[in-house]
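*Asks:* Quick one: sequence and predicted model below, then my questions.
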Amino acid sequence: MQRLIAKAQADVDKSFNRRDGVGKRNGDDSAAQNMLAAAQRQIEANKQLVETGVKVTESERQAMAIEQVLAKSKNTMTASTRALLEAAREELLASGQQSAAYLKQREAAEALARQKAILAQAGDNRARSNELDLMGMGRGSDAVGMLRRQLDIQREYQDEMKRLGSKDVASDQATWELLAANAAAHRDKELAKERTPAG
């Protein structure tokens, strides 16, 4: 009797499993499993971008594909696969946003580093010019030479501001403002050097 009850329960369980997609080939579940694996690979790629700087751009595309699969009304994937896919989609979007923010920050840092290098070179050139002027004058100061150097500083600043107007230099307003403030600070520092008598 116990064996008959157990067999009947097993048959009922098998029937429910078939209806729910357990124990048989489930095309939607297989497709969802493949998509889940692809999403997990992309999540890892996004994490790698933040760690190594290697660009990844597939996050939103994969998240949209996941959303389409989840939205299908005739989808027969298992509930656990659906839950995993929904979680992967959210993590995929979040890691994609982190990747985009990292890229933006890295581009701003690179632009600022380029600008600092340009301004440092201009300062070095001016310092060499000043040394030559002082060697030529001997002692004392030459007001005309000082005014010429101050004008050179202002011209360099203006040239830098023109360069900053290029879309290739600053990708957004915040980056442009940072670069412009850096150029103004450099100009002010160099002008202060010119106003301070050499000791």
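*Replies:* The structure has been received and is ready for your questions. Numbers count the residues shown, from 1 in each chain.
*Asks:* Relative to residue 118, how far out is residue 150?
*Replies:* Counting by Cβ to Cβ, to the nearest Å, the separation of residue 150 from residue 118 is 19 Å. Just so you know, the C-beta spots here come from the backbone N, C-alpha and C atoms, and that holds for glycine as well.
*Asks:* Helix or strand: which one has the one residue sitting closest to the centre of the chain?
*Replies:* By Cα atoms, centre = their mean, the chain has its centre lying nearest to residue 103, at 1.8 Å. Assessed by DSSP states H and E, residue 103 sits inside helix 79-137.
*Asks:* buried set for the following helix or strand past that helix?
*Replies:* Note on helix 79-137: by DSSP H and E, the next helix or strand toward the C-terminus is helix 143-164. Burial within helix 143-164, assessed by neighbour count using 16 or more other Cβ atoms under 10 Å, is assigned to 145, 149, 152-153, 156-157, 160, 163-164.
*Asks:* Same question for stretch 180-195.
*Replies:* Using 16+ other Cβ under 10 Å as the test for burial, stretch 180-195 gives 180, 182-183, 186-187, 190, 194.
*Asks:* quick one on the thing from earlier: save the buried residues of helix 143-164 as TSV, and put in pLDDT and distance to residue 81 too.
*Replies:* As requested, those are exported to TSV (pLDDT from 0 to 100; distance: Cβ to Cβ, whole Å):
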residue	pLDDT	distance to residue 81
145	72	78
149	80	72
152	84	68
153	85	66
156	86	62
157	82	61
160	82	56
163	79	54
164	75	51
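*Asks:* wait, which of the residues you listed is closest to residue 50?
*Replies:* Closest approach between these and residue 50, by Cβ to Cβ: residue 164, at 28.0 Å.
*Asks:* Go ahead and confirm the closest one touches residue 180.
*Replies:* Yes: shown here, residue 164 and residue 180 form a contact pair, counting by Cβ atoms under 8 Å, at 5.9 Å.
*Asks:* Farthest-apart pair in the buried residues of helix 143-164, please.
*Replies:* Greatest spatial distance among the buried residues of helix 143-164 (Cβ to Cβ): 145 and 164, at 28.9 Å.
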